[in-house]
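Visitor: No sequence on hand, only this structure:
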C-alpha cells in the first residue's frame, strides 16, 4: 500500500507506506543526521543510536502492523528516499482512540513533509480502522511539531501539565486531536 499526497510546487512528493525491516539503514542514517533536533523531544533518541536499535525497533513495528496493534509508516519521497516516520500507537480500544506521532529528518524539515504525512495518516486511519479520535501530544517547547499539528488541521485542546517525561524530567504538552466526522 502506497499513499501519495499532493504537494506545493518545489516541495518533495510525500508517500507513506508501512515500515519494513529493510528500512533500518535509511532510518538509522536519518536519525543520525537529525540527532540535534530529535534528542530533546524523543526519549528513544540518543547520541549513540545504533543500526541494531533501528533493526530491533522495525522488527517489532512490522509485527505489530501485521497484528493490527500499532501502525508505523515510513515517510518517503517519489524516489523512495527515506524522509522520516509517522505512526499510530498507544491504542485505547475501549474508547477507540490512539496517539499519532511523527518526525522527519533534518534536511526535509520546514518543507511541509511532516504536515502532509500527518494528513495522509489521518486519512488512512479513518478509512482503515474504527477509530473515532486520534490524539497528537506535543511537548510545549517543540515549536516545529506544534506547527505541524496546527497546519495539519488538528484541533488544539489545551495544555497538559507534566504530561510527558523527557529524559527524566516532566514536561508540559499540548493536546491536539482529529475526530471522525459522522
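Guide: Sure, I can see it. Owing to the predicted nature of the structure, the values given are computational and were not obtained by experimental measurement.
Visitor: Can you give me the end-to-end span of stretch 88-102?
Guide: 9 Å (Cα to Cα, to the nearest Å).
Visitor: State the helix or strand in which the nearest residue to residue 70 once chain neighbours are set aside lies.
Guide: Once flanking residues are discounted, residue 70 sits nearest to residue 64: 4.1 Å by Cβ to Cβ, 6 or more residues apart in numbering. C-beta: built from backbone N, CA, C; applies to glycine. Assessed by DSSP states H and E, residue 64 sits inside helix 51-66.
Visitor: Quickly list what residue 99 is bridged to.
Guide: Beta-bridge pairing of residue 99 under DSSP bridges involves residue 89, residue 135.
Visitor: Surely it is in contact with residue 136?
Guide: Yes. At 7.3 Å, residue 99 counts as touching residue 136 under the criterion of Cβ atoms under 8 Å.
Visitor: which one of those two has more residues nearby?
Guide: Comparing residue 99 with residue 136 by other Cβ atoms under 10 Å, the one with more neighbours is residue 136, at 26 against 15.
Visitor: Could you pull out the helices in this structure for me?
Guide: Ranges of helices in the chain, per DSSP state H, are 24-33, 35-38, 51-66, 113-128, 143-151.
Visitor: how about JSON lines for these, with mean pLDDT and mean neighbour count added?
Guide: Converted to JSON lines, these look like this (pLDDT from 0 to 100; neighbours: other Cβ atoms under 10 Å):
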{"stretch": "helix 24-33", "mean pLDDT": "98", "mean neighbour count": "18"}
{"stretch": "helix 35-38", "mean pLDDT": "96", "mean neighbour count": "16"}
{"stretch": "helix 51-66", "mean pLDDT": "97", "mean neighbour count": "16"}
{"stretch": "helix 113-128", "mean pLDDT": "97", "mean neighbour count": "21"}
{"stretch": "helix 143-151", "mean pLDDT": "98", "mean neighbour count": "18"}
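Visitor: Residue 16: which of those is closest?
Guide: Comparison of the helices of the chain against residue 16 by Cβ to Cβ identifies helix 113-128 as nearest, at 4.9 Å.
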